[in-house]
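Novice: Following is a predicted model, sequence given first.
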Amino acid sequence: MRRMSRLPSPPANQRAVRRHNLGVVLRHVATRGPRSRATIALETGLNKSTVSSLVTELIDRGLLNERGAERRGMVGRPGLVVELTGHGAVGLGLEVGVDYLAVHATDLTGAARHRRLEAGDNRGRPAGAVLDRLGAMARDALADLRAQGLRPAGATVALPGLVDVASGTLIIAPNLRWEDVPATAAIAERLPEPMPIGADNEANLSALAERWEGAGRDLQDFLHVSGEVGVGAGIVLGGELFRGTRGFGGELGHVTVDPGGRPCACGSRGCLETKVGLEALVAAAGAEDAADLLARARGGDAAVAAALREGGRWLGIGAAAVANLLDLQAVVLGGYFATLAEWLRDCVAHELHERVLGPGWAVPGVLASELGPEAAVRGAAAQVLHAVLADPVALGEPLEAAEGASAR
Ligand SMILES: [Zn+2]
């Protein structure tokens, strides 16, 4: 039986199926790369005329474009391939770091379209003042993106603490000394246009960035530890971020490793962060600050090398506990740990070998992040784009098309 493709007003369930299939086709192109309509039909099992119509709609919505011919060697006439367009939607990542603010916009091809980083200690500063500055950076970003003809699809705020993802509230950030900050609402108030805004913990977003575009792209189960002033971790299991019941999982920095150790910003004592957080490393090395620590490590300073070996040992002890629980493929060193990977990696690997139960080949490898200090803000931008891929219709129509429609 031949189905009628264009009824004047399809019933709700047909619209829902079409909406679902738009996402199927868009995600297929996103994960498998540029390909022809015929190839998409073959691989997704959707019929050719359906795929053709879905692709046309995705092109009209400014999410796909069409170019050249599929690679030679295919049977028959070479067809046009469709690919994600870099001229449409962009995701905006915003980050409150303990000692910096960052903004990063990524288009659907993964290219960075706007990036800013402002160093400055945010500890003890009122949340309102810090968010004022981040809001101003976001407004600059939106103006720049609009000037490039791009469509901001939303924003995600990366925060250095426990975040209630459902309400977008920062519950506590020990290093900032902030509590109960309604972060997404605060950012929404500071933007010139309404858009979907989310918030998440920076370590979670770093792990997602690593999974989507970094060292973890071929991994299913890994621990991403990011070293900043605090020590955060994101746990990816089965390719997905593990959040726990309330989204508070991954606080590796506040796992006790030394019950009689020094007090921690969280109120506890002997947390991993007191051993290998950036301040602990700087103090143990007798360095002035992070830049001095790095310069002296590069210069072969013996005291710095010893402090980093000791820090790496503690980091390995913490990572081994997680590896024993979760049977991981790898531990990815992110944030400042990636910058210091040259000095930390062997010590972490040694502790894993000493402490993880199982044959040597089952001990997780230690990788350095390829994304550096931008991982969290890039993960934040990518999370917005993943929402577009999940439901392309939610993004709405491009401005010109919408204006054209309302003029009719
Ligand atoms: Zn702590």
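Specialist: Cool, got the structure.
Novice: For the rest of this, base every contact and every neighbour count on C-alpha atoms.
Specialist: Fine.
Novice: Which residues does stretch 99-114 contact?
Specialist: In this structure, residues lying in contact with stretch 99-114 by Cα atoms under 8 Å, 6 or more residues apart in numbering are 63, 84-96, 115-123, 134, 137-138, 141, 144-145, 229, 377-378, 381-382, 385.
Novice: Look up how far Leu326 lies from the closest residue to the ion within the stretch 301-408 of the chain.
Specialist: Among the residues of the stretch 301-408 of the chain, Gly318 lies nearest to the ion; the distance is 13.1 Å by Cα to the ion. Noted for Gly318: a distance of 13 Å to Leu326, by Cα to Cα, to the nearest Å.
Novice: Which other helices and strands does the longest helix along the chain contact?
Specialist: Looking across the chain with DSSP state H, the single longest helix is helix 302-326. Contacts defined by 3 or more Cα pairs under 8 Å, 6 or more residues apart in numbering; DSSP states H and E place helix 302-326 against helix 273-276, helix 278-285, helix 290-298, helix 341-355.
Novice: Could I get the pLDDT score of Arg3?
Specialist: Model confidence at Arg3, expressed as pLDDT, equals 51.
Novice: Would you mind listing the buried residues in the longest helix of the chain?
Specialist: Neighbour counts using 16 or more other Cα atoms under 10 Å place 304-305, 307-324 of helix 302-326 among the buried residues.
Novice: What segments of the chain are helices?
Specialist: Across the chain, reading from the start of the chain, the helices by DSSP H fall at 12-32, 37-44, 48-60, 127-147, 183-190, 202-213, 273-276, 278-285, 290-298, 302-326, 336-339, 341-355, 375-390, 399-407.
Novice: Was I right to think Glu251 contacts Ala233?
Specialist: Yes: between Glu251 and Ala233 a contact is recorded at 6.0 Å, counting by Cα atoms under 8 Å.
Novice: Compare neighbour counts for the two and give me the winner.
Specialist: When neighbours are counted by other Cα atoms under 10 Å, Glu251 and Ala233 differ, and Ala233 comes out ahead with 26 against 21.
Novice: Could you tell me the per-residue confidence at the more buried one?
Specialist: For Ala233, the pLDDT comes out at 93.
Novice: distance of it from Arg35?
Specialist: Distance from Ala233 to Arg35, by Cα to Cα: 37 Å.
Novice: Ok, Glu374 next?
Specialist: Glu374 sits at a distance of 31 Å from Arg35 (criterion: Cα to Cα).
Novice: likewise Gly379?
Specialist: From Gly379 over to Arg35 (counting by Cα to Cα), the distance is 26 Å.
Novice: do the same with Leu208
Specialist: Distance from Leu208 to Arg35, counting by Cα to Cα: 26 Å.
Novice: the more surrounded of the two?
Specialist: Taking neighbours as other Cα under 10 Å, Leu208 and Arg35 compare with Leu208 leading, 28 against 20.
Novice: Return the set of buried residues in stretch 246-266.
Specialist: Of the residues in stretch 246-266, those buried by neighbour count under the rule 16+ other Cα under 10 Å are 247-257, 264-265.
Novice: Please export the C-alpha coordinates of it as CSV.
Specialist: Only the C-alpha atoms of stretch 246-266 are listed here, as CSV (Å, rounded to 0.1, in the frame of the first residue of the first chain):
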residue,chain,number,x,y,z
ARG,A,246,20.3,14.0,42.6
GLY,A,247,23.1,14.7,40.2
PHE,A,248,25.7,15.1,42.9
GLY,A,249,27.9,12.2,42.0
GLY,A,250,31.6,12.5,41.1
GLU,A,251,32.8,14.6,44.1
LEU,A,252,36.1,12.7,44.1
GLY,A,253,37.8,15.8,45.6
HIS,A,254,35.9,15.3,48.8
VAL,A,255,36.6,11.6,49.2
THR,A,256,38.6,11.2,52.5
VAL,A,257,42.1,9.8,51.8
ASP,A,258,43.7,10.9,55.0
PRO,A,259,41.3,10.9,58.0
GLY,A,260,43.7,12.9,60.2
GLY,A,261,44.7,15.3,57.4
ARG,A,262,44.2,19.0,56.9
PRO,A,263,40.8,20.7,57.0
CYS,A,264,39.1,21.1,53.6
ALA,A,265,36.9,24.0,52.3
CYS,A,266,33.9,21.6,52.5
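Novice: Does it reach the ion?
Specialist: Yes: contact check for stretch 246-266 against the ion, using Cα under 5 Å from the ion: residues in range are His254, Cys264, Cys266.
Novice: pretty sure the residue of the stretch 301-408 of the chain closest to the ion is in contact with Leu272, am I right?
Specialist: Yes: Gly318 is within contact range of Leu272, at 7.0 Å (criterion: Cα under 8 Å).
Novice: shared neighbours of the two, which are they?
Specialist: With contacts defined as Cα under 8 Å, 6+ apart, the residues shared by Gly318 and Leu272 are Leu252, Val255, Val257.
Novice: residue contacts, the last one?
Specialist: Listed by Cα under 8 Å, 6+ apart, the contact set of Val257 reads Gly270, Cys271, Leu272, Trp314, Ile317, Gly318.
Novice: Go again with 6 Å.
Specialist: The contact partners of Val257, taken as Cα atoms under 6 Å, 6 or more residues apart in numbering, are Gly270, Cys271, Leu272.
Novice: tell me the contacts of the first one?
Specialist: This points to Gly270. Taking Cα under 6 Å, 6+ apart as the criterion, Gly270 is in contact with Thr256, Val257, Asp258, Pro259, Gly261, Arg262.
Novice: 8 Å - rerun?
Specialist: If a contact means Cα under 8 Å, 6+ apart, then Gly270 has Thr256, Val257, Asp258, Pro259, Gly260, Gly261, Arg262, Pro263, Cys264 as its contacts.
Novice: Now mean neighbour count too, for the helices and strands packed on helix 302-326, in JSON lines please.
Specialist: Listed next are the helices and strands packed on helix 302-326 as JSON lines, based on neighbours: other Cα atoms under 10 Å:
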{"stretch": "helix 273-276", "mean neighbour count": "28"}
{"stretch": "helix 278-285", "mean neighbour count": "20"}
{"stretch": "helix 290-298", "mean neighbour count": "17"}
{"stretch": "helix 341-355", "mean neighbour count": "21"}
